[in-house]
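**Q** Sequence and computational prediction follow.
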Amino acid sequence: MTSSPRPVHPLDTTTGRLRVRGLDTGPSDQVDHVVVLVHGNLSSSEFFRRQLEALPQGWRGIAPDLRGFGGSDPEPVDATRGVRDYSDDVLSVLDALGVPRAHLLGWSLGGGVVAQAALDRPGAVASLVLVDPVSPYGYGATRADGSRLADDDPGAGAGLANPRLVELLAAGERSGDDPSSPRSVMNGLYFAHGFRSPDEEALLTSVLSTRTGPDHYPGDASPASSWPGTGPGGRGVLNTLAPKHFDVSGLAALADDDGRRPPVLWARGEHDAIVSDAAALDLAVLGGAGVVPGWPGAEAYPVQPMVTQTRAVLDAYAANGGSYREVVLDAGHSPHVERPEEFAAALHEHLTTAEEAPRG
């Protein structure tokens, strides 16, 4: 991290879609050497404050709050568009600020958001940074090759969200007395090795900024014809990642109109409990452990190898002429928070290298 932190200012801009708030290092008229940092579910731009402070001079960092999180307008989320409500919002921020091209960084859900933005507007992307990203095939109900288990995506989406967590989020609960409290979930799932952030209270406030309900977290649900009997609806954040709505495996062929393939940094925590090849929240893992009864077995409902799925798509990208670098840190789901100096070093090296790469 830099010895003197960069000043970080509030972001407040109205786009053609909504009013977006967040964090910005400025200056407000800088439109080159820009990196946009997109947060994940149950969080906000606050999770990037330390990384924004550590950006080298000459770089502008913009961290928008996604709709329904932080201070941005809580516009409803149409999950039938996958994450496009979010990715279109991010692109609209670039348009409103006059930034034609930026480096896009996405963490967790945000990884899917920046991937979708890259697919929809590849010319706007100088490079991609995927931080413990959701699998290119979404979260749940897919086989190793990305194929869906069934047309109704059993077990994916909002139907199995913890109702106690939703209740405590809506109530603004700050204690860690309940294992389902936002504080307990953040410390238990976002981080590894019992890590406690010195910014814990600010990060908890960020988590608690999450809007709840069918249009936001977790969303609505629909019946499914097979175990566990519930599938994704068409509204809210968890349903945006259902395989029927979300698939960014097209990254393997990503290129802009000039044939340029932006370099990719894939940074992940070695001990990630949320996105891994045996994630703690994977329904098959929970079923195999008896936490969710009735699991029909690995043949009918296999564990989703999320990291392996990401690697396969990035390997295909490299085979098609692109490039990526994988950095694994001794961390959980949030290496930018748990290992800020190491993460910043990898990020700054990537940004410098990507900026110097030829654009033709």
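**A** Great, that's in hand.
**Q** Now do the contacts for the residue lying closest to N239 once chain neighbours are set aside.
**A** Leaving aside its chain neighbours, N239 sits nearest to A79 (3.5 Å; criterion: Cβ to Cβ, 6 or more residues apart in numbering). The C-beta positions use only the backbone N, C-alpha and C, and glycine is treated the same way. A79 makes contact with 157, 219, 232-237, 239-240, 242, 245, according to Cβ atoms under 8 Å, 6 or more residues apart in numbering.
**Q** State the distance from A79 to A221.
**A** 11 Å (Cβ to Cβ, to the nearest Å).
**Q** Now do the shared contacts for these two.
**A** Common neighbours of A79 and A221 (Cβ under 8 Å, 6+ apart) are 157, 232-233.
**Q** so how far is the first residue of stretch 287-300 from its last?
**A** The first and last residues of stretch 287-300 sit 12 Å apart, counting by Cα to Cα, to the nearest Å.
**Q** ok, and what's touching that stretch?
**A** 149, 160, 226-228, 283-284, 286, 301, 303.
**Q** Now neighbour count, distance to P198 and secondary structure too, for the residues you listed, in JSON lines please.
**A** Shown next, in JSON lines, are these (neighbours: other Cβ atoms under 10 Å; distance: Cβ to Cβ, whole Å; DSSP: H, G, I helix; E, B strand; the rest coil):
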{"residue": "L149", "neighbour count": "22", "distance to P198": "42", "secondary structure": "coil"}
{"residue": "L160", "neighbour count": "20", "distance to P198": "33", "secondary structure": "helix"}
{"residue": "S226", "neighbour count": "14", "distance to P198": "46", "secondary structure": "coil"}
{"residue": "W227", "neighbour count": "19", "distance to P198": "43", "secondary structure": "coil"}
{"residue": "P228", "neighbour count": "19", "distance to P198": "39", "secondary structure": "coil"}
{"residue": "L283", "neighbour count": "23", "distance to P198": "34", "secondary structure": "helix"}
{"residue": "A284", "neighbour count": "23", "distance to P198": "36", "secondary structure": "helix"}
{"residue": "L286", "neighbour count": "18", "distance to P198": "32", "secondary structure": "helix"}
{"residue": "Y301", "neighbour count": "25", "distance to P198": "41", "secondary structure": "coil"}
{"residue": "V303", "neighbour count": "18", "distance to P198": "35", "secondary structure": "coil"}
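**Q** What is the lowest-pLDDT residue among those residues?
**A** Scanning the contacts of stretch 287-300 for pLDDT, the low point is L160. It has 91.
**Q** on that earlier part again, check the residue nearest to N239 and give its pLDDT.
**A** Confidence for A79, expressed as pLDDT, is 98.
**Q** Which parts of the stretch 1-150 of the chain are helices?
**A** For the stretch 1-150 of the chain, the helices defined by DSSP state H, counting those that start in this stretch cover 49-53, 84-97, 109-120.
**Q** hey, which of these is tucked in deepest?
**A** Of all those, helix 109-120 carries the top mean neighbour count, a mean of 26, counting by mean count of other Cβ atoms under 10 Å.
**Q** C-alpha coordinates for that helix, PDB please?
**A** Output in PDB follows, covering the C-alpha atoms of helix 109-120 (Å, rounded to 0.1, in the frame of the first residue of the first chain):
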ATOM      1  CA  LEU A 109     -21.200 -11.100  -8.400                       C
ATOM      2  CA  GLY A 110     -19.200  -8.100  -9.700                       C
ATOM      3  CA  GLY A 111     -17.000 -10.400 -11.700                       C
ATOM      4  CA  GLY A 112     -20.100 -11.600 -13.600                       C
ATOM      5  CA  VAL A 113     -21.200  -7.900 -14.000                       C
ATOM      6  CA  VAL A 114     -17.900  -6.800 -15.600                       C
ATOM      7  CA  ALA A 115     -17.700  -9.900 -17.800                       C
ATOM      8  CA  GLN A 116     -21.200  -9.100 -19.100                       C
ATOM      9  CA  ALA A 117     -20.200  -5.500 -19.700                       C
ATOM     10  CA  ALA A 118     -17.200  -6.700 -21.600                       C
ATOM     11  CA  LEU A 119     -19.300  -9.000 -23.800                       C
ATOM     12  CA  ASP A 120     -21.800  -6.300 -24.500                       C
END
